[in-house]
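Colleague: Give me coordinates for this.
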Amino acid sequence: MTIDEELSVLESQLRRLKIEYEVFFSNPTKKPPTDLEWKVLSLLRKFSDGGRLTFSQRFRYNEMAQRYAIYSDLWRKKGRIREEGYRRPQDALLSVQGVRPVEGVEPEQPSVAARAAAAAASSSGQPLTFQYSDPSAEREQVEKLYVALTEAKKQSGEAVNGNLDSFASFVQKKTAQIRKENNCEAVEYSVELKNGQVKLTARAKA
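Modeller: A predicted model of the protein is given here:
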């Protein structure tokens with residue numbers, strides 16, 4: 001089995017694991033899908049060093065590792081609530097809807113996996129691309145572009161200016177401008193390292 005095929009198996013098993021946990025938390029008689037989770041963890045560990053992966057494979061792996069980390073944290077919290085019972089109104093929401101941001105609490109910083117994926121773009125010299133039609137509705141994807149850009153700049157020793165909110169505003173305006181000028185459906189942004197400098201480019205996509 002090739003690495004791409006194994007990554008496809010990992011993706012399929014991760015998707016199935018999410019469904020199995022949803023069934024588990026909605027049915028008190030169900031047992032947790034520990035066997036399937038062990039298989040997912042085994043594959044995640046197998047490729048954790050990234051040594052045998054190409055840039056695109058490494059980025060694909062990092063996205064799945066990040067997704068599993070988010071899911072795992074949610075499952076752990078739901079499991080604790082299931083064992084101890086609902087102690088706060090937020091816990092009932094958690095059991096149905098997942099984690100919600102708590103007012104007054106700073107949002108989490110980008111995960112190690114997300115930063116690793118972004119850093120890979122600068123170290124490999126290959127462009128990392130993202131495509132948007134409506135950035136205001138694709139906040140998570142815009143954050144990935146922001147992380148990729150800032151991490152690439154850190155790797156190359158360049159200064160990082162602005163925060164996520166200002167960057168998201170820029171992407172929204174730039175996307176609207178390019179779509180209007182080119183009458184296109186989407187705009188593709190690329191982050192790449194050229195001659196020691198990080199470049200962010202945007203172009204129309206049909």
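Colleague: okay, CA-based contacts and neighbour counts for the rest of this
Modeller: Will do.
Colleague: so which helix or strand takes in the most centrally placed residue in the chain?
Modeller: The centroid of the chain falls nearest to residue 63 when counting by Cα atoms, centre = their mean (5.1 Å). Taking DSSP states H and E as the criterion, residue 63 maps to helix 55-84.
Colleague: what helices or strands is that helix leaning on?
Modeller: Taking 3 or more Cα pairs under 8 Å, 6 or more residues apart in numbering; DSSP states H and E as contact, the helices and strands that helix 55-84 lies on are helix 3-26, helix 89-97, helix 112-124.
Colleague: From residue 195, how far off is residue 8?
Modeller: Between residue 8 and residue 195 the distance is 34 Å, computed by Cα to Cα, to the nearest Å.
Colleague: Compare the two and say which is more crowded by neighbours.
Modeller: Neighbours of residue 8 and residue 195, each counted by other Cα atoms under 10 Å, are more numerous for residue 8; the result is 14 against 8.
Colleague: Domain boundaries for this structure, per the record?
Modeller: The chain breaks down by automatic domain parsing into domains covering 3-97, 112-205.
Colleague: of all those domains, which gets the most neighbours per residue?
Modeller: With neighbours taken as mean count of other Cα atoms under 10 Å, the domains of the chain reach their highest mean count in domain 112-205, at a mean of 17.
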